[in-house]
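Q: here is a sequence together with a model predicted from it:
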Amino acid sequence: MEPPVDRKEEPDMFRDIGAAAAEVGAGGGGGDNNGEDGEEQSSIDDPQIVDNIESLCMNCHEQGNTRLLLTRIPFFREVVLMSFACPHCHFKNSEIQSAGEIQERGCTYTLRVENSADMNRQLVKSETCVVRVKELDLEIPAQRGQLTNVEGLVSTVLDDLAGDQETRRGQDPEGHAQLAAFIARGRALLAGAAFPFTVTVDDPAGNSWIEPQPGDARGKWARTDYNRTPAQNEALALTDTSAQDAEDPDAVRPDEVHTFPATCPSCTRPCNTHMKLVDIPHFAEVILMSTVCDACGYKSNEVKTGGAVPALGRVITLQVEDEEDLARDILKSETCALSCPELNLDLTPGTLGGRFTTLEGLLAQVHDDLHQRIFTQTSDSLDTATKERWEKFFEGLREAKDGKRRFTCILDDPLAASYVQSLTAPDPDPQLTVRDVERTKEQEEELGISDMVTEGYEGPERERVEGLRKAREEEEKEAKVEGEKKDAEVEGEKKVEEKKEEEVKP
């Protein structure tokens, strides 16, 4: 019997940034391998922290040097940092590329910058990413990848624009004046004179990122995943434009599983998508969609709600007392926001997409997704206080998922397309509260409802909504009048007190 072969473990090519920096600082990889005084040289098989490659300079066409660093960004994924320098013409360039694959869905990150600390948040911009600053009317198109922060990204754009101002002054005076005003606004924004402002990162490839912070208020940092359009898939070279699948003319019929060809969003190979129309008791009809790829094993399940757009939104509140409540069926649509105040959990619309599962299954999915994307035990960038806050948050989620903690689950859906199972239906459930609410103007604009033509559609439903709107306006007026009265009373009391103090003074 032959002895077992001693196999050397493959080294991890991607190291955390902190570990790589510590090894380089201690004289590790990336330097010369020449020994001194007869010392043994490093093995050529040992992995290098920084790889040096001779490459052609596109500025002077002489040989320059490209340095590559394969590293892992905490809370994100593996990336390749590249830096080029030419010793002949002194041209320099640096960029970042994702070392992974194109993600199954595109992603959009939104950060509301409110102070100087938010300007220092890390930002990864891939070569397919578009960055927008709404208040500055600034849009940075897809170009080279960057690893920077919010302040560095905006500063780079302003410096690039300011670099050609002297040439532009003589060739285009009007354009020079307009750009000068824009650069001044940008400098004022970086100096903190325009807080708050919003930064949006939109990447169809899903490989860009803005750093979150524990304790961020609702609406300050948000992530939304979305399905790419055919045009975006084609731009990413994920679509075979030589053949187009014919549309299925058959209508969706209840109690029948429909199967139609599709393209896997992970490997772009042909696969099948199954669809079925299901009637949920005491709610509505929904469409369940399931995609399975035999080539790469990709699986996806989604829930789509149909029907007309309701006149009012809906807020569902469930008091979770025991494990029986965790087993309730729950339908969370793509437009639904979910919050649990006792758990400090707040999911914005679009997070997790549409899901039809149990409350326990939804909490488990939220826990696993957040733990995978944000929290890592091996992260070298977490201080002790931040790590303890994250551990406390995840511990609360686990206790709630196991039925050891009571909490409140609130579903806020402007399209009233979400549902929580009632255990006493059709009788009222004492732990379940369903309340119809009027949508805000922002919600109607975001959903495109404000652009719909609704003239001429009169009926009982419209009259009911108008009645609710008028009642709400009357309540707001009464509350405003009461507030003005209280302010006047407080102001009068203050003046009386001041008059008494003046009379007492000698």
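A: Yep, it's here.
Q: pull the number of nearby residues for the nearest residue to residue 328 once chain neighbours are set aside.
A: The spatially closest residue to residue 328, leaving aside those adjacent along the chain, is residue 421, at 4.3 Å (CB to CB, 6 or more residues apart in numbering). Any C-beta I mention is one placed from the backbone N, CA and C, and that applies to glycine too. By other CB atoms under 10 Å, 20 other residues sit near residue 421.
Q: average pLDDT for stretch 362-379, rounded please.
A: The average pLDDT within stretch 362-379 is 75.
Q: where's the residue nearest to residue 328 relative to residue 315, distance?
A: Plainly put, residue 421 is 17 Å away from residue 315 if you go by CB to CB, to the nearest Å.
Q: contacting residues for the residue nearest to residue 328?
A: Residue 421 makes contact with 328-330, according to CB atoms under 8 Å, 6 or more residues apart in numbering.
Q: residue 486: which of those residues is nearest?
A: Distance to residue 486 across the contacts of residue 421 (CB to CB) is lowest for residue 330, with 42.1 Å.
Q: how would you label the closest one: helix, strand or coil?
A: strand (DSSP: H, G, I helix; E, B strand; the rest coil).
Q: show me where pLDDT drops low in the stretch 251-400 of the chain?
A: 251-255, 282-284, 306-307, 374-382 (pLDDT under 70).
Q: and the helices in the stretch 351-500 of the chain?
A: Ranges of helices in the stretch 351-500 of the chain, per DSSP state H, counting those that start in this stretch, are 359-373, 384-401, 441-447, 460-504.
Q: need those in CSV (columns: distance to residue 158).
A: Below are the helices of the stretch 351-500 of the chain laid out as CSV (distance: least, CB to CB, whole Å):
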stretch, distance to residue 158
helix 359-373, 32
helix 384-401, 32
helix 441-447, 30
helix 460-504, 43
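Q: and among these, the most buried is which?
A: helix 359-373 (a mean of 16; mean count of other CB atoms under 10 Å).
Q: by how many degrees do that helix and helix 384-401 diverge?
A: Angle of helix 359-373 versus helix 384-401, following axes from the mean of the first three to the mean of the last three CA atoms, to 10 degrees, is 160 degrees.
Q: helix 359-373 packs against which elements?
A: Counting contacts by 3 or more CB pairs under 8 Å, 6 or more residues apart in numbering; DSSP states H and E, helix 359-373 packs against helix 323-326, strand 329-332, strand 355-358, helix 384-401.
Q: quick one: which of these is nearest residue 340?
A: helix 384-401 (7.3 Å).
Q: just checking, what packs against the closest one?
A: helix 359-373.
Q: so which residues make contact with the helix it packs on?
A: 75, 318, 320, 325-328, 330, 332, 338, 345, 347, 352, 355, 357, 394, 397-398, 400-401, 409, 420.
Q: ditto for stretch 287-298
A: With CB under 8 Å, 6+ apart, stretch 287-298 has contacts from 104, 252, 262, 264-267, 269, 271-278, 299-306, 356.
Q: residue 205 contacts residue 236, doesn't it?
A: Yes: the pair residue 205 / residue 236 is scored as a contact, 6.0 Å apart, by CB atoms under 8 Å.
Q: and the two? Which one has more around it.
A: The neighbour count for residue 205 versus residue 236, taken as other CB under 10 Å, is higher for residue 205 (23 against 15).
Q: please settle this for me: is that one part of a helix?
A: No: under the criterion used here (three-state DSSP), residue 205 is coil, not part of a helix.
Q: tell me the pLDDT of it.
A: 90.
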